[in-house]
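Asker: no sequence on this one, just coordinates:
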């Protein structure tokens, strides 16, 4: 799982870093309380956490993720009145051999969970998303498109066309917008 506080920078800016740190600490405690023996929690950086959980099946996993989200929502009801939401991304791993697990393997798995958390971001409530082939393909296509756009920009392949903006009261041109 990947857990990320939505708009955390804004929390620090509005409430101050010390209250932002309290949010991080309370989230850390909540995440730890949801981990069972043999499961792992780590803080990637700032407001980003990774968890490695075990579950018998998807039903158990989804129930645990929902319980985690409910606990995070309860954290927003705090004495400092600092309300926040999290995005939780989940990547499901099948059976594997311990010999398969190395740093690259763990980084790949966490990247899938992070992609799923990005899919869950943007709302006004704590939300979760499971990674899927669709999410991976969309992210991959976006990255390819970004590279193509940068290359085209360097080559000067964009041509701006200007469309006039007309004031409907006077009938006069009041400006223009560029269409690329």
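Answerer: Structure received. All values derive from a computational prediction rather than experimental measurement.
Asker: and the residue positioned nearest the centre of the chain, how close does it get to residue 25?
Answerer: The structure's the chain has its C-alpha centroid closest to residue 118; by CA atoms, centre = their mean the separation is 2.9 Å. Applying CB to CB, to the nearest Å, the value for residue 118 to residue 25 is 24 Å. Bear in mind the C-beta positions are built from the backbone N, C-alpha and C, glycine included.
Asker: average pLDDT for stretch 128-148?
Answerer: When pLDDT is averaged along stretch 128-148, the result is 79.
Asker: any buried residues in it, and which?
Answerer: Within stretch 128-148, the residues scored as buried using 16 or more other CB atoms under 10 Å are 128-131, 135, 139.
Asker: adding distance to residue 151 and secondary structure as columns, could you present those residues in JSON lines?
Answerer: As requested, those are arranged in JSON lines below (distance: CB to CB, whole Å; DSSP: H, G, I helix; E, B strand; the rest coil):
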{"residue": "128", "distance to residue 151": "36", "secondary structure": "strand"}
{"residue": "129", "distance to residue 151": "31", "secondary structure": "strand"}
{"residue": "130", "distance to residue 151": "33", "secondary structure": "strand"}
{"residue": "131", "distance to residue 151": "29", "secondary structure": "coil"}
{"residue": "135", "distance to residue 151": "25", "secondary structure": "helix"}
{"residue": "139", "distance to residue 151": "19", "secondary structure": "helix"}
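Asker: could those go into CSV alongside distance to residue 53?
Answerer: Compiled in CSV, those are given as follows (distance: CB to CB, whole Å):
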residue, distance to residue 53
128, 13
129, 16
130, 13
131, 14
135, 19
139, 23
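Asker: and the residues you listed, which two are furthest apart?
Answerer: 128 and 139 (17.4 Å; CB to CB).
Asker: shouldn't the residue nearest to the centre of the chain be in contact with residue 87?
Answerer: Yes: in this structure, residue 118 is within contact of residue 87 by CB atoms under 8 Å, at 7.1 Å.
Asker: how about the strands of the protein, start to end?
Answerer: 2-5, 40-45, 48-52, 86-90, 127-130, 161-166, 173-179 (DSSP state E).
Asker: which of those strands has the lowest average pLDDT?
Answerer: strand 127-130 (a mean of 83).
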